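1. build me a model from this:
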Amino acid sequence: MDLRWLEDVLILLEEGNLTRAAQRRDITQPAFSRRIRAFENWLGYEILDRNVNRVTIRDSTRNSEAEIRALILRLNDLRKKMSLADPEQKHLTITAQHSLAISMFTDFISLVNVKFEPITYSLKTENQGECVSMLIRGDADIMLCYEAPDDPKFPFDDTFLSMTWGTDHLVPVVGGSLIPMLDSDGSLPDKIPIITFPKDSFFDRVLSTSNCKNLTRDPTFQVICESAFSAGIREMALNGIGMAWLPLSLITHEIETGKLIDKSNLYGSVPLNISLYGRPENDLVESIVKNLKLLRINLVRVN
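-> Numbering: from 1, shown residues only. Below is the predicted model:
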């Protein structure tokens with residue numbers, strides 16, 4: 001049983017609606033519904049009444065809200081108690097957005113281990129909303145995430161530790177068979193295929209609220225694939241499947257070697273901060289953040 005399923009049920013009870021609950025969890029409504037189904041399969045009982053015209057929450061589910069909340073608290077307390085039972089054991093759980101887990105996590109380990117080894121790690125990759133939830137509920141000690149300059153602040157109180165780990169940009173790139181199709185001035189041909197992010201995902205939101213050209217609504221382009229998996233999008237772009245927007249930190253080598261061509265000159269780019277947040281009650285996390293701040297580390301600096 002995944003603890004997230006219980007939290008999904010609580011949010012569903014608070015919102016009373018699958019769509020709004022999915023938005024709070026920062027996932028699509030079909031994905032949220034699948035998680036509710038997974039919980040029902042584990043429970044052996046349907047918490048929703050699904051008929052032809054509407055989906056409603058069963059009274060038995062509503063009447064169990066207090067018990068579900070208490071169970072989540074007890075499980076989190078148990079996990080914390082067991083993790084603190086051996087003070088000599090140094091272990092960190094890191095949650096990170098998928099692209100940062102690829103581009104930044106090894107650098108984080110390398111720097112931390114210089115001063116704090118030996119430490120063991122667990123890495124959990126999620127979308128931004130789930131990363132935030134994991135840190136708040138204590139499922140992770142440290143979060144690495146992107147933040148756009150105009151994003152609302154995360155729901156952390158002043159006790160949470162934070163620092164800017166680096167800077168990045170979301171840039172449009174082409175590769176593979178699309179490179180020879182570029183005009184002499186570097187412009188793209190009509191009807192070029194593009195790869196997009198799922199609607200309301202983090203990267204989709206920052207693109208839609210930026211000053212960049214919205215290619216998904218441009219009739220001269222055609223959406224050939226939608227994916228939230230940035231590493232997979234990188235491979236598709238490298239193989240000429242379509243033009244894609246990707247974090248520069250994820251494709252620096254490919255751009256330097258000419259395997260991908262940056263088209264920011266035509267379509268702009270989106271600046272992103274790479275932020276690090278840590279839970280306040282963890283002495284190891286506090287020491288790590290203080291040391292990283294002293295070093296004034298910026299691993300990805302885009303001018």
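
2. remind me which residues of the stretch 51-200 of the chain are low pLDDT?
-> Flagging of the stretch 51-200 of the chain using pLDDT under 70 yields the residue ranges 52, 79-80, 82-89, 117, 185-186.

3. tell me where it has strands.
-> In order along the chain, the stretch 51-200 of the chain carries the following strands (DSSP state E, counting those that start in this stretch): 55-57, 91-97, 120-126, 142-147, 161-175, 192-196.

4. center of the protein - which residue?
-> Nearest to the mean C-alpha position of the chain, by Cα atoms, centre = their mean, lies Asn127 at 2.7 Å.

5. residues touching it, list them.
-> With contacts defined as Cβ atoms under 8 Å, 6 or more residues apart in numbering, Asn127 is in contact with Asp26, Ile27, Gln97, His98, Ser201, Phe202, Ala228. For the C-beta atoms, the positions are set from N, CA and C on the backbone; glycine is no exception.

6. wait, the first one touches Met134, no?
-> No: in terms of Cβ atoms under 8 Å, Asp26 does not count as a neighbour of Met134; the distance is 11.7 Å.

7. for the protein, which helix is longest?
-> Determined from DSSP state H, the single longest helix within the chain is helix 65-83.

8. quick check: angle from it to strand 91-97?
-> 130 degrees (axes from the mean of the first three to the mean of the last three Cα atoms, to 10 degrees).

9. what packs against helix 65-83?
-> Here helix 65-83 is seen to pack against helix 3-15 when contacts are counted using 3 or more Cβ pairs under 8 Å, 6 or more residues apart in numbering; DSSP states H and E.

10. next SSE after the helix it packs on?
-> Following helix 3-15 in sequence order, the next helix or strand is helix 18-25 (DSSP states H and E).

11. what sits up against that following helix?
-> Counting by Cβ under 8 Å, 6+ apart, the neighbours of helix 18-25 from elsewhere in the structure are 8, 11-12, 14-15, 28-29, 31-33, 36, 55, 129-130, 133, 200.

12. state the mean pLDDT of that helix.
-> Regarding helix 18-25, the rounded mean pLDDT is 83.

13. and the helices in the stretch 101-250 of the chain?
-> When assigned using DSSP state H, counting those that start in this stretch, the helices of the stretch 101-250 of the chain occupy the ranges 105-116, 128-137, 202-208, 230-238, 248-256.

14. dump the ones you listed to JSON lines, plus distance to Glu147 and mean neighbour count.
-> Formatted as JSON lines, the helices of the stretch 101-250 of the chain follow (distance: least, Cβ to Cβ, whole Å; neighbours: other Cβ atoms under 10 Å):
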{"stretch": "helix 105-116", "distance to Glu147": "17", "mean neighbour count": "14"}
{"stretch": "helix 128-137", "distance to Glu147": "9", "mean neighbour count": "21"}
{"stretch": "helix 202-208", "distance to Glu147": "9", "mean neighbour count": "20"}
{"stretch": "helix 230-238", "distance to Glu147": "16", "mean neighbour count": "20"}
{"stretch": "helix 248-256", "distance to Glu147": "14", "mean neighbour count": "17"}
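
15. fine, thanks again, bye for now.
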